[in-house]
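*Asks:* please work out how this folds:
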Amino acid sequence: MKVRGIKRGQNIEILEQLNNIPDGTEIIIDVEIVTNQITELQPPLTDSERLARLNLLFGAWKNQPELTEVFTEIDEQRHTYQGRTLDSLDNRDDG
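*Replies:* Down below sits the predicted model:
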C-alpha cells in the first residue's frame, strides 16, 4: 500500500484514509521524497479578504438548539463541581 503524506516537523500527516488499519497497529513506513511537487506560496491576505473569510464563519452555529443544551449542561457542571477532598495534614499520623 502506498499513501501520500506531508512532513511537518517530526510528524508525517497522512493525506488519505487508513480505515483498513486498526488504531494501535505498528506499521513500517518507507519514505520516498516527491521531488516534482510544485508548492506555490500564497500571498498574504489583505485586511478586507481576511474580514470576508471571518464573516463566512460568523453565525455558523446559529439556529442549532442542541448547542444550547450542550452549553447549558457544561455551565451546570462547572458550577456544581467542588473539587476533590484533600486529607488534612493536621490529621495525619506520622508515627
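*Asks:* drop to CA atoms for contacts and neighbour counts, all remaining ones
*Replies:* Fine.
*Asks:* for the residue positioned nearest the centre of the chain, give me its contacts.
*Replies:* Averaging the C-alpha coordinates of the chain gives a centre point, and the residue nearest to it by CA atoms, centre = their mean is Glu13 (13.3 Å). Under the criterion of CA atoms under 8 Å, 6 or more residues apart in numbering, the neighbours of Glu13 are 5-7.
*Asks:* so where's this protein shaky on pLDDT?
*Replies:* Flagging of the chain using pLDDT under 70 yields the residue ranges 37-39, 81, 90-95.
*Asks:* need the residues that contact the longest helix seen in it.
*Replies:* In the chain, with assignment by DSSP state H, the single longest helix is helix 65-80. Here helix 65-80 makes contact (CA under 8 Å, 6+ apart) with Trp61.
*Asks:* then that helix to CSV, C-alphas only?
*Replies:* This file holds the C-alpha atoms of helix 65-80, laid out as CSV (Å, rounded to 0.1, in the frame of the first residue of the first chain):
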residue,chain,number,x,y,z
PRO,A,65,-30.7,24.1,19.5
GLU,A,66,-28.5,21.2,20.5
LEU,A,67,-25.6,23.6,21.2
THR,A,68,-27.7,25.5,23.7
GLU,A,69,-28.4,22.2,25.5
VAL,A,70,-24.7,21.3,25.5
PHE,A,71,-23.5,24.6,26.8
THR,A,72,-26.3,24.6,29.5
GLU,A,73,-25.1,21.2,30.7
ILE,A,74,-21.4,22.4,30.7
ASP,A,75,-22.4,25.5,32.7
GLU,A,76,-24.3,23.4,35.3
GLN,A,77,-21.4,21.0,35.7
ARG,A,78,-18.9,23.8,36.0
HIS,A,79,-20.9,25.4,38.8
THR,A,80,-21.5,22.2,40.8
